[in-house]
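> Got a sequence here, can you model it:
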Amino acid sequence: MISFFSGLFKLALFAIILVFAVYNFEMVTLRFANVYEFNLPLAVVLFFFFVLGLVLGSTISWLGKVNIKKRQ
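Just a heads-up that it's a prediction; the model follows:
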């Protein structure tokens, strides 16, 4: 029963994210130091920074665990 509600929650979350991405597909301009300029859809930019946050957070967490194991 819990797995059913977990799957239902994941499906609802996916649907919300999908609707958000479809309605926010306008082009945005990213500039870096007035040298580089990228025109990308807003949903792509948000997804990129979300994945970047996951990678950085996971790496920092992993490094913290490695450091704790070395101390023991």
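> quick one, strands of this protein?
For the chain, applying DSSP state E gives strands covering 27-32, 36-41.
> Can you give me the neighbour number for residue 9?
Neighbourhood size, residue 9 [other CB atoms under 10 Å]: 10. No exception for glycine: its C-beta is placed from N, CA and C like everyone else's.
> Mind pulling up the pLDDT for it?
At residue 9, the model reports a pLDDT of 90.
> before we move on, what about residue 25?
The predicted structure scores residue 25 at 82 on the pLDDT scale.
> any idea how far residue 39 is from the most centrally placed residue in the chain?
Taking CA atoms, centre = their mean, the centroid of the chain lies closest to residue 50, which sits 2.0 Å from it. Using CB to CB, to the nearest Å, residue 50 is found at 20 Å from residue 39.
> With residue 49 instead?
16 Å.
> Which single helix of this structure contains the most residues?
Secondary structure of the chain per DSSP state H: the longest helix is helix 42-71.
> Could I get the buried residue list for that one?
Using 16 or more other CB atoms under 10 Å as the test for burial, helix 42-71 gives 43, 45, 46.
> Now tabulate those in a markdown table and tack on distance to residue 54 and pLDDT.
Shown next, in a markdown table, are those (distance: CB to CB, whole Å; pLDDT from 0 to 100):
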| residue | distance to residue 54 | pLDDT |
| --- | --- | --- |
| 43 | 16 | 85 |
| 45 | 15 | 88 |
| 46 | 13 | 84 |
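> Ok, which of the strands of the chain comes nearest residue 4?
strand 36-41 (34.4 Å; CB to CB).
> now for that closest one, which elements pack on it?
Applying 3 or more CB pairs under 8 Å, 6 or more residues apart in numbering; DSSP states H and E, one finds that strand 36-41 makes contact with strand 27-32.
> and the strand it packs on, which strands flank it?
Sheet pairing here is set by DSSP bridges, and for strand 27-32 it gives strand 36-41 (antiparallel).
> coming back round to it: helices or strands up against the longest helix of the chain?
Helix 42-71 packs on helix 2-23, strand 27-32, going by 3+ CB pairs under 8 Å, 6+ apart.
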